[in-house]
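Asks: Build me a structure from this.
(3 chains)
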Amino acid sequence: MKDTGRGVGVVGDDTPQETAPTPTSDAPGTASAPTADPAGRQRPAWAIPLLAAAVVAIGAFVSEFIAESLVIGATENAPLVLAALGFALLYRLNGLLNVAFTETVTLGGYFAIWITSTTGWGFAAAVIPAGILSGLLSVATYLLVFRPAKKRNVDGLELIVISFGLALFLRHALQFVFGFRARFFETPPPNTIDVLGVGVPSFRLLAVASVAVLSFAIYQFIRRTSYGLQIRALASNEGLAESSGVRPLNVTLLIWFVAGFAGGLAGAFFGVASAVTPLLGTRQLLLILLVVLVGGIWDLLGVVWVGAATGIALTAMTLWLGSDLWAQLILIVLFLGLLKTRGGRLTAGSKV
Amino acid sequence: MPETAAETPTPTTAEAVLTISNLCSGYGSVQVLHDLSFEVRNEIFTILGANGAGKTTLLRTLAHLLPVTSGSIGFRGTDVTHAAAHETARLGVGYVPQEAAVFPDLTILENLQVGAMIGDRAFDECLEEVFQTFPDLRSKTHLRAGNLSGGESRMVACGRALMQDPKVLLLDEPTAGLSPLYVEQFFETIESIHRTRNVAVLLTEQNATKALGIADRVMVLSLGEGSTPVDAAEMTKERLKEAYKL
Amino acid sequence: MLDWLDAFLISGLFGVVQIIGLGLLVHLQMGLTRVANFGVAGFWGLGLYVFGILYGKVDWPFGDPWQFLVCAIAATAASALAGLFVAWLISDLDVDGALVGTLGFATVIFLLATAWSDLTGGAAGLGGLGFPYDAGPAKTNEFIWFVLTTAIVAGILAYVLWVHRSPYGRLLIAVGTNEPLARSLGKSSTRAKLTLFTITSGMMGLLGVMQAVMFRFIIPANVTINITLAALAGLILGGITRAWGAVVGVLFTVALFDIVIQFYVPLPQEWYTQAIPVAREAIFGLALVLVLLFRPKGMLGEMKRPQLMRRIHDFK
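Replies: Numbers count the residues shown, from 1 in each chain, chains lettered A, B, ... in the order given. Predicted structure coming up:
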């Protein structure tokens, strides 16, 4: 019985959060109306997943299919949530749709492999250093490309094209460093842990834990600390933030580092699950974009919940249809439909 | 009442808070300000000018949100011509733009907290002072600033700047778009801020008569060029017309 | 007769012409009207696959050239309809939404090509295609096809030049520069965009058809974002707002790599399998970044508006 909370994993991490001021009974109502409610923006992001978690956890005992979808979906796709979280940090707090973010994911995988193979450390030990390296790479891309671009007043469409160009460059240039072929971790096979009757490799649980810890930490950091306030002020009105004494460069570099760190972790976890290839991050681009845009109706945690829900739905459909390609296809079509029905409001509401 | 207040020019006024010499500035290749020189003492210094005279450009330049093309800006004896916006803010320049003057996505309280990140005074003390100046804000601290009315967001903007505990307050047309009732009240508030907190105020206005009522000295800006600042009392209609080049 | 040409050179030139064609069409969408389209591969690939499936999998009661013509028209129409649909999908979204919409469409096409293997042959590919004529040796057939494709791309260029001079082009520029203003002047910017996407996507589909016939074999790997980015790199290097931008830019990107370096620069043989194709993409990416940072209007520079307007008046 007690296992349910653990098994849900991503969903279970809200217990330590101070939910006291936001318990709400109108969750389903607010869910269908994404108009930003001034005070309670984050309310649906908390309430809906709680409700969904309860329903689904009960279901897990009733059906093996639900249990499998849940456990595999939440654990296998935890890296997707991490990646979406990092992407959303840049998108919402720096107003930049950075396609090249996916390359910090890819390189996170390569960094982790490089660290394990040169130091002989285990995978778990290599994850954090890999994240740090990706974070630094992310900062470098900001300083070398996006900051100059901003100074030259490069705007919307051109900025996206620049990020596509940077992604294309990194994705191919890295092959001259790390080789053209797919690379594999040479770490011993991980032990498997039984969750709700489904065997889960230990590194996947580590990925879930990272999602939980990182999203909780980032949320607290942004909502409750003075640095977080500066970040939000900068995102909300840049000139005013500067003339209020916010040091824009410090704050921005911090966002880019944390985003790259999350991306790097995602890449390491993606990589250890199969292989590290140059296309590792790019393959996730569209899903990340969709999760960030749709999850962005709410706050950053909305991205985490939508990411987790996407992962579970993807696994459920894959199990049901027997093909991950069709599952992805259906999911993309659903998301695009959502994008259309929500219209301009969806993207507008997702900034900040 | 304002009469008596204006009667007593404090002895400290002689010292310049802001010194602007031969300032030129603009947007890219378009020069808007031409060779401006004046100083702001511990006073209410009003810049009058029509639309497009360069008032906003001047204040944005003084807040260092626009680069100086040539000339210099001194702040209490130090040269800050090429300082960054956040550096001058930390020195004591509080800037309240005419548009986009609040953080729309933050609550009123958070807006004020952003202001309080610099300045040495205790947060609660500053907050209490802001609430005394703008009592209407006290009960609304958890509202999103983006949802406020024009007058309310002007209060939040001023409050935020005051939380910085500034030495000089740059107010860009603080009463533009406000209802006449508010305008009167707002000018009184500005005056009391100047008197009680010992803050120099540099404000721009289109509405000459109202602004002259509280100003110590006045300068007229026309097509980016400034007149010689004069005492507000000496600013007669004729001189005003002449300065406006009418 | 064609001794100076070898089969590789023909396919290299063919590739250059294809990318020029796509670049010209992207110019109309992104350069003039400023609607983001990161799904070029999808529209092109739809034409490629619809043609391949209709031509290779359906028993037609008539042979070539009618079989080719019917299939090509159907494929072009399919891409045009897809263009209309995607334009409707993104019509009320901002540039971020347009990115997701167009990229999503291209991904859907790619996934369908891979997953619907009964129809598309899946990852193994789809064959059974050929030239709708037989003029002798394979090289001659390919050369004729190359000339035909070049003629189509020349037609696209002529169309682009016409758009630049026409009131329709002026409307597109107005929508691209200031959409609310264009709307307030009573122009339907949505209809302008829908028309634009229908026409240009149809042409992208036709280029896909030409590709399918030339290579006689289709795999999903043809239909990736790399082709979108190649067209974009060429166009932006040349000048995104200029009619000739794609032509000039592609000569300095795709043509430089796929023809000059492939055939005329003596490089170690083993580089050609991986190092050069990978370096090609890396350099395209770098070119996109550097051009947009340091010379955002490309080699040809800013669109000459006064001259353009004068020409509009002369035209009238």
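
Asks: For the stretch 51-200 of chain C, give the residue positioned nearest to chain A.
Replies: Nearest residue of the stretch 51-200 of chain C to chain A, counting by CB to the nearest CB: C:A115, 3.7 Å away. C-beta: built from backbone N, CA, C; applies to glycine.

Asks: Tell me how many other residues crowd that residue.
Replies: Number of residues near C:A115 (other CB atoms under 10 Å in any protein chain shown) recorded here: 21.

Asks: Go ahead and confirm it touches A:I332.
Replies: No - using CB atoms under 8 Å as the test, C:A115 is too far from A:I332 to be in contact (11.8 Å).

Asks: related to what we said a few turns ago, let me know the secondary structure of the closest residue to the residue of the stretch 51-200 of chain C closest to chain A other than its chain neighbours.
Replies: Counting by CB to CB, 6 or more residues apart in numbering or on different chains, A:L325 is the residue found nearest to C:A115 once chain neighbours are left out, at 3.7 Å. State at A:L325, reduced to three classes by DSSP: H, G, I helix; E, B strand; the rest coil: helix.

Asks: mind listing what the residue of the stretch 51-200 of chain C closest to chain A touches?
Replies: By CB atoms under 8 Å, 6 or more residues apart in numbering or on different chains, C:A115 lies in contact with A:S323, A:L325, A:W326, A:L329, C:G122.

Asks: low-confidence ranges in the chain?
Replies: Since you didn't name a chain, this refers to chain A. Low-confidence segments of chain A (pLDDT under 70): A:1-49, A:56, A:60-61, A:187-189, A:197, A:297-298, A:343-352.

Asks: wait, chain C
Replies: Looking at chain C by pLDDT under 70, you get C:1-4, C:303-316.

Asks: now the strands: where do they sit in it?
Replies: Read by DSSP state E, chain C holds no strands at all.

Asks: before we move on, what about chain B?
Replies: Using DSSP E, strands in chain B cover B:16-27, B:30-41, B:44-48, B:68-75, B:78-79, B:93-96, B:168-172, B:200-205, B:217-222, B:225-226, B:230-231.

Asks: tell me the average confidence for the fifth one?
Replies: Going back to what we said before, that points to strand B:78-79. In this model, strand B:78-79 has an average pLDDT of 86.

Asks: ok, it: who's next to it in the sheet?
Replies: The strands that strand B:78-79 pairs with in its sheet are strand B:68-75 (antiparallel) (by DSSP bridges).

Asks: picking up where we left off before, surely the residue nearest to C:A115 meets C:L111?
Replies: Yes - here A:L325 reaches C:L111: they are 5.3 Å apart, a contact under CB under 8 Å.

Asks: which residues in chain A form strands?
Replies: For chain A, the strands defined by DSSP E occupy A:192-195, A:198-201.

Asks: who in the stretch 151-300 of chain A is up against chain B?
Replies: Taking CB under 8 Å from any CB of the partner chain, the part of the stretch 151-300 of chain A that reaches chain B is made up of A:226, A:229-230, A:232-233, A:235-237, A:239-248.

Asks: in terms of contact, does C:N226 touch C:V278 like I think?
Replies: No - assessed by CB under 8 Å, C:N226 is found out of contact with C:V278, at 11.3 Å.

Asks: higher neighbour count, those two?
Replies: For C:N226 versus C:V278, neighbours defined as other CB under 10 Å are more numerous around C:V278 (19 against 16).

Asks: show me the contacts for the more buried one.
Replies: A:H172, A:Q175, A:F176, A:F180.

Asks: All set now, cheers.
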